[in-house]
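**Q** 3D model of this:
(chains A and B)
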There are 2 protein chains.
Amino acid sequence: MPELRKDPIIGRWVIISTERAKRPSDLVVEKSKSHGGFCPLCPGNEDKTPPEVFAFREGNTQRDMPGWKLRIVPNKFPALITEGVINKRGEGIYDKMDGFGAHEVIIETTDHNATATSLSTDDFSTILLSYKQRIMELKKDSRFRYLSIFKNYGEVAGSSLEHPHSQIIALPVVPKRAMEEIDGAQAYYSYKDRCVFCDIIDQELSDGRRVVAENNDFLAVEPFASRFPFETCVLPKKHMSSFEDTDDSMFESMAEVFGLVLKKIDRLLGFPPYNYMLHSSPFNKNVSEFYHWHFEIIPRLTRIAGFEWGSGFYINPTPPEQAALYLREALVGKRLTVVGNKGGLL
Amino acid sequence: MPELRKDPIIGRWVIISTERAKRPSDLVVEKSKSHGGFCPLCPGNEDKTPPEVFAFREGNTQRDMPGWKLRIVPNKFPALITEGVINKRGEGIYDKMDGFGAHEVIIETTDHNATATSLSTDDFSTILLSYKQRIMELKKDSRFRYLSIFKNYGEVAGSSLEHPHSQIIALPVVPKRAMEEIDGAQAYYSYKDRCVFCDIIDQELSDGRRVVAENNDFLAVEPFASRFPFETCVLPKKHMSSFEDTDDSMFESMAEVFGLVLKKIDRLLGFPPYNYMLHSSPFNKNVSEFYHWHFEIIPRLTRIAGFEWGSGFYINPTPPEQAALYLREALVGKRLTVVGNKGGLL
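**A** You can find the predicted model right below:
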C-alpha cells in the first residue's frame, strides 16, 4: 500500500511508493527501456492492460476489444490504489494517510507513432473531451479532492511508453502547487474584486508581445514570469474555474489553439520532449469566482540545477517576449479552421 | 540587463536572462560541451576567470596567481549583475525589478578530478568554511536579502564545467521556497513554541529508521516526506538559524557528517549526478527562534515528469526508511575521526 506523507515544514504531500519500490541498482540503471517492439497500448493488445474504464468506440464493438478510437484504462503500475479507506493518521509530529487514489492512462489514439503534429484538430478535440468525461465520472467519488491530468511526451519528460498517452491521477488531497494558485488568486480577488487570470488575459491581449495564438474562445500566451524557455499557458478567454464546465461545443475551439501551440513547438524545436498539465478547480472548495482553469505546457529543453531545486527561483534564458515571437512565426500561414466569427491566419 | 519578474498568481520570482538569451537552435543542440581539455578553473589559468574575490592561499602567493587551495571568482556569465540599482517597478498588473545580484563560483580545489570521495574531511571543511566567509562578506550589502549556495555535480544536475565547484547567488528578494520554509516553521512555532526542525531531530534520533549518519554536532537524515530517492538533509543538532553563525571550530565536524553522506552516495549509487543546496536565514528578517539552517542533498536519479511539475506533488519510488538503510550500510566500517566525545564507527 503506497503512503501519502506530508512535509511537516512546508506542507507538501508526497506519494511514497511501495509497490514500485526501487533499490539503488534499479535507479542506477534507469535508462531507455526497450519494449522489443511490443506495445501494450496498441490495438489488438487490449488484454495486456487492465479492463477499460472509458472509451470512444465504433458502434457494435466490444469493451476491451479493437474498434476504439480512444481508450482509458487503470495504470498497470499505479502510484496510488483505489481500494481501501484514506485512514489519516499521525506518526509523532508527522502526518500521513494511505495511498488512496486513482491512476489511469488515456490511450489517445490507435496510431502508435502519432504526434501532436500528425493529429488533426478533431483528434485532439476527442482527447480533450475524454478528460472532461473522466473528471465528471471521478468527481462523483467524494473521497477525491483534486484531479491531475497531464501528458509526458518523450523520455526526458518522464514518459516510459512511446504510444501517445496522457495520465490522470485522482487525489484525496489538494496538491501544494494547486493550493498556491488558489490562494494567490483568492488574495488578488479580495484586493481587486477581479479574477487575476482575467486581468492577465486583458493585459496580454492589449500588449500582444507574449501572445502565441488565439481564437474567439482561447488564448495561448507565454507567462510574464515564465520559468522555462517556451513555457506556454492556454486558457479560456471567458472566466471559468472548472475545466469540466466547458461546454462540449467548445472543445473544437480549444483543440484548435492548444493543438496549434503543440505543432508550433514541434516545428520550432524539433519535436522536443514536453509536459503539459491541466490546472483546474479542486472538488472540495468553491473557487468559482476567482480561479480560472488553464493548461501549462513546458518543453523540456533546459536542465534544472541545484539553484532551482533549492530555491524555487528559476533562471530562464529565453525571455517570454522572444519565445512568443519565435512561436508566432513558426507555421505561419497555417490556416485555422474558422470556429467562431473570427479565425483565419494566425 | 537581466530582469527579475514576479509571477502574479503565486508570487514566485524568476530571473529572465538577457545576456544569456537563447534562441531555439541554441536550446535544441544543448548537449555535452567539450572544452577540448582546457579548464579555466585549473591552476595556471587564473587569468581566464574574472579577478578573485576570495581565496585560501599559501603564504606569499599573489592574488590571481597559482598558490591557492580554494578560490572564489565572479561568474563569467552571471545570471544577475552587481552594477546598478534595484529599480522596482510595475508593468500593468506585473511586478519586476532590474536583475541586480551577485553570482560567484567557488573553485573548491586545484584538483580537476577531485570528487566528494577523494576529498579529505579537512578539504571539505575548507570548502564549507569558504561559504561562511562569503556570506559574512556579502551580507554587508544591505541590498541583498538572501544568499543561495549550491553545488551541481555532473551534467545531468546542471553542471557545465567538470572542475569541482559550487556557486553563490546573492538575491535582492527572498526565494519562494525559502519563504515557504520560514512561514511553515513560524506557523509551527506559534502553535507549539518549538522549532519544527528541532522536533524533527528529536523524533528522528529516537526513531532511528531514517538516520544516515551522525556525530555529536550534526545529523544526516532522509526526510519523512522525501521527494526523491536518497534525498538527504544534513543539519546541526543544536538550534541555529543562520549558517554563518556556526563557529569555525564546528566545520570539521560538519564536514565529517556531510562528507560521509556524499561518499556513501558516491559508493552506493556509482558517483551519480547530484545537487546540494544550503537553506539558511534571509538577511532582512529575524527568524532566529523558529528557523534552523540545513543542507538539502538530491541525487539526480529519477526524471521529473508532468505530474510533479504541475502539481508540486512528488512520487518517490524509494521509501526514505529503505534509502537510509542502504546508505547506513554503504561504507560500513569507515572510521570517523572522533570529533567530540562520541564518534567511532557509523
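**Q** so who does the nearest residue to A:Glu308 once chain neighbours are set aside touch?
**A** Nearest residue to A:Glu308, sequence neighbours excluded (C-beta to C-beta, 6 or more residues apart in numbering or on different chains): A:Tyr314, at 5.3 Å. Quick note: C-beta positions are derived from backbone N, CA and C, even for glycine. By C-beta atoms under 8 Å, 6 or more residues apart in numbering or on different chains, A:Tyr314 lies in contact with A:227-228, A:308, B:12, B:14-15.
**Q** can you count the residues close to the nearest residue to A:Lys22 once chain neighbours are set aside?
**A** Among residues not flanking A:Lys22 along the chain, B:Pro317 sits closest, at 4.3 Å (C-beta to C-beta, 6+ apart). B:Pro317: 23 surrounding residues under other C-beta atoms under 10 Å in any protein chain shown.
**Q** right, and B:Pro317 touches B:Phe230 too?
**A** No - B:Pro317 lies out of contact with B:Phe230 (C-beta atoms under 8 Å); the separation is 10.9 Å.
**Q** what about the residue nearest to A:Lys22, distance to B:Lys264?
**A** 19 Å (C-beta to C-beta, to the nearest Å).
**Q** One more: A:Asn75?
**A** Counting by C-beta to C-beta - A:Asn75 and B:Lys264 are separated by 33 Å.
**Q** go on, A:Lys139?
**A** Distance from A:Lys139 to B:Lys264, by C-beta to C-beta: 45 Å.
**Q** now swap in A:Phe197 and tell me
**A** On the measure of C-beta to C-beta, A:Phe197 and B:Lys264 end up 47 Å apart.
**Q** One more: A:Arg328?
**A** Taking C-beta to C-beta, one finds A:Arg328 at 51 Å from B:Lys264.
**Q** who has more neighbours, these two?
**A** B:Lys264 (26 against 18).
**Q** what sits against the more buried one?
**A** Contacts of B:Lys264 by C-beta under 8 Å, 6+ apart are B:212-213, B:327, B:330-331.
**Q** quick one: buried residues of the one helix or strand it maps to?
**A** In the assignment (DSSP states H and E), B:Lys264 maps to helix B:251-269. Buried residues in helix B:251-269, counted by 16 or more other C-beta atoms under 10 Å in any protein chain shown: B:251-266, B:268-269.
**Q** Equivalent analysis for stretch A:88-100, please.
**A** In stretch A:88-100, counting by 16+ other C-beta under 10 Å, buried: A:94-100.
**Q** what's the closest of the residues you listed to chain B?
**A** A:Tyr94 (4.9 Å; C-beta to the nearest C-beta).
**Q** Need the pLDDT of the closest one.
**A** Reading off the confidence values, A:Tyr94 has pLDDT 94.
**Q** I'd say it and A:Glu3 touch.
**A** No - here A:Tyr94 does not reach A:Glu3: they are 10.6 Å apart, not a contact under C-beta under 8 Å.
**Q** who does the residue nearest to the spatial centre of chain A bridge with?
**A** With distances taken as C-alpha atoms, centre = their mean, A:Met277 lies nearest the centre of chain A, 2.0 Å away. Beta bridges link A:Met277 to A:Phe150, A:Glu296 when assigned by DSSP bridges.
**Q** so what's A:Ile5 bridging to?
**A** Careful, residue A:5 is Arg; it's not Ile. According to DSSP bridges, beta-bridge pairing links A:Arg5 with A:Val14, A:Lys96.
**Q** what about stretch A:102-117 and chain B, touching?
**A** No - Stretch A:102-117 stays clear of chain B (C-beta under 8 Å from any C-beta of the partner chain), getting no nearer than 9.6 Å.
**Q** Give me the distance between the two termini of that stretch.
**A** This stretch, stretch A:102-117, spans 30 Å end to end (C-alpha to C-alpha, to the nearest Å).
**Q** next one: it to chain centre, how far?
**A** 13 Å (C-alpha atoms, centre = their mean, to the nearest Å).
**Q** buried residues in it?
**A** A:102-110, A:116.
**Q** what is the rounded mean pLDDT of it?
**A** 95.
**Q** How about stretch A:56-76?
**A** 95.
**Q** And stretch A:176-185, by the same measure?
**A** 92.
**Q** Please apply the same query to stretch A:146-160.
**A** 88.
**Q** who in the stretch 101-250 of chain A is up against chain B?
**A** Counting by C-beta under 8 Å from any C-beta, the stretch 101-250 of chain A sits next to chain B at A:148, A:150-152, A:155-159, A:167, A:169, A:171, A:175-178, A:180-181, A:184-185, A:188, A:196-197, A:199-200, A:203, A:207, A:223-227, A:229-230.
**Q** how about the nearest residue to the residue of chain A positioned farthest from its centre, chain neighbours excluded?
**A** In chain A, A:Gly92 marks the outermost C-alpha relative to the chain mean, sitting 35.3 Å out by C-alpha atoms, centre = their mean. Spatial nearest neighbour of A:Gly92, chain neighbours left out: B:Gln203 (4.5 Å); criterion: C-beta to C-beta, 6+ apart.
**Q** now the one you found: how far from B:Leu128?
**A** B:Gln203 is 26 Å from B:Leu128, by C-beta to C-beta.
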